[in-house]
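1. heads up, no residue letters with this:
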Ligand SMILES: CC(C)(COP(=O)(O)OP(=O)(O)OC[C@H]1O[C@@H](n2cnc3c(N)ncnc32)[C@H](O)[C@@H]1OP(=O)(O)O)[C@@H](O)C(=O)NCCC(=O)NCCSC(=O)CCC(=O)O
Ligand SMILES: NC(=[NH2+])NCCC[C@H](N)C(=O)O
């Protein structure tokens, strides 16, 4: 894993074409992707610390072929240029003594509760590389990046999962709710949002709470459900310590997962160590990273720990990270 550069545009564009829609942060649009790479360059070139509105795009490189095979993103703080809206799923319980009846009404309320959070997203692994642990490398490399640039991020981190999309590319949640206020179908709104930002949502979205009982059955059925392709991503987020706190995407009803940065497993388990030796092969498979900003790199490595606590790394990983004996790196377990 390394941070992305301007010349990654073409491969990012090719991957964006494979996502199948609803993937807000990876639109198949060259101008939008170019803007993301420019923002990444700015964020990585910034020498003053502290929290700014940074975007970091990272890429997974097959070092044998040099090909980029996956990507992911970190937004340091959402909701700075335009409001970051979510629906919060709440309950209003009412009781009628005369009828001896209690009704629990589910309500969706428009909020900006998650504003200021760090967001991870845009997670995509080339279909041919899946199911071998590389998805975890992609996702977790971001948590080590955040940890190792800690003053540039706040305390809370979120991740949005795509909601359910039907065979025709439509969203039952959109059709039952927001679509009635925008005069466009889900795909049009999704594309517009990915390319132009979401101010139009702020302008046209209904502001009063919505009783879910008044939605269509098909819209209600998908509230808080991830797109089937997003189940692996959701599973990885849960393992990392994110929870489903009842926030859903206002477009497609997909769940927004919430975590505390310092309590993420990768962050809590990470250790800064000094490379004492380099060995040929073998050891415990771990996430290992080194370097700051544009020099950040992360891979799976094989670590051997001596009885005196000295750390040795396999030669191939040390070479990938360009690490020599005596240099510092970060490692995290559960690979
Ligand atoms: C998400 C990734 C990158 C995940 O990579 P892989 O598919 O290789 O992952 P994996 O190693 O096979 O699986 C990771 C974990 O998910 C579990 N898993 C796999 N498929 C599952 C399914 N259908 N239902 C439930 N769990 C499933 C595995 O058992 C494993 O958990 P155990 O280790 O416990 O066994 C990929 O699937 C992908 O590119 N998907 C398409 C794009 C996408 O939907 N991206 C997410 C967008 S949402 C987003 O970007 C926000 C989320 C984020 O950024 O983190
Ligand atoms: N509910 C949604 N469509 N959310 C879009 C986010 C999907 C994915 N996390 C991305 O970064 O692109």
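-> Great, that's in hand. As the structure is a prediction and not an experimental result, all values here were calculated from the model. Ligands and ions are numbered 1, 2, ... in the order given.
2. Residue 330 - that's part of a strand, no?
-> Yes: under DSSP: H, G, I helix; E, B strand; the rest coil, residue 330 falls within a strand.
3. from memory it sits against residue 271, does it?
-> Yes: assessed by Cβ atoms under 8 Å, residue 330 is found in contact with residue 271 at 6.9 Å. Quick note: C-beta positions are derived from backbone N, CA and C, even for glycine.
4. the more surrounded of these two?
-> residue 330 (19 against 11; other Cβ atoms under 10 Å).
5. Dig out what that one forms beta bridges with.
-> On the basis of DSSP bridges, residue 330 is bridged to residue 272, residue 289.
6. Next, the contact list for residue 113, please.
-> For residue 113, the contact set (Cβ atoms under 8 Å, 6 or more residues apart in numbering) comprises 86, 88, 247.
7. okay but residue 289 is in contact with residue 301, surely?
-> No: the criterion here is Cβ under 8 Å, and residue 289 misses it with residue 301 at 9.2 Å.
8. Residues that sit against both of these two, list them.
-> The contact sets of residue 289 and residue 301 overlap at 321, 331 (Cβ under 8 Å, 6+ apart).
9. re the thing from before, pick out the lowest-pLDDT one from the contacts of residue 113.
-> Within those, pLDDT reaches its minimum at residue 86, with 94.
10. Ligand 1 contacts on the chain?
-> Contact residues, the chain versus ligand 1 (Cβ under 6 Å from any ligand atom): 72, 120-125, 130-131, 133-136, 138-139, 159-162, 229-233, 235-237, 239.
11. ok, now with 5 Å
-> Proximity of the chain to ligand 1 (Cβ under 5 Å from any ligand atom) is limited to residues 120-121, 123-125, 130-131, 135, 139, 159, 161, 229-233, 235.
12. Just the buried residues of those residues.
-> The neighbour count (16 or more other Cβ atoms under 10 Å) marks 120, 121, 123, 124, 125, 135, 139, 159, 161, 230, 232, 233 as buried among the residues of the chain next to ligand 1.
13. Would you check how far apart the second one and ligand 2 are?
-> As for residue 121, its distance to ligand 2 is 3 Å (criterion: Cβ to the nearest ligand atom, to the nearest Å).
14. who's in contact with that residue?
-> With Cβ under 8 Å, 6+ apart, residue 121 has these contacts: 24, 25, 72, 73, 75, 159, 160.
15. For ligand 1, what's the nearest residue on the stretch 101-250 of the chain?
-> Among all residues of the stretch 101-250 of the chain, residue 135 sits closest to ligand 1, at 2.1 Å; criterion: Cβ to the nearest ligand atom.
16. Start from the N-terminal end of the stretch 151-300 of the chain and give the strands.
-> Here the stretch 151-300 of the chain has its strands, by DSSP state E, counting those that start in this stretch, at 156-160, 210-211, 243-248, 255-260, 271-279, 284-290, 297-305.
17. Including distance to ligand 2, could these go into TSV?
-> As requested, the strands of the stretch 151-300 of the chain are exported to TSV (distance: least, Cβ to the nearest ligand atom, whole Å):
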stretch	distance to ligand 2
strand 156-160	4
strand 210-211	17
strand 243-248	8
strand 255-260	8
strand 271-279	29
strand 284-290	21
strand 297-305	19
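18. who touches the nearest residue to residue 253 once chain neighbours are set aside in this structure?
-> Leaving out its chain neighbours, the residue that sits closest to residue 253 by Cβ to Cβ, 6 or more residues apart in numbering is residue 173, at 3.4 Å. Contact analysis of residue 173 by Cβ under 8 Å, 6+ apart lists 163, 164, 219, 222, 223, 251, 252, 253.
19. Before I go, just wanted to say thanks for your time.
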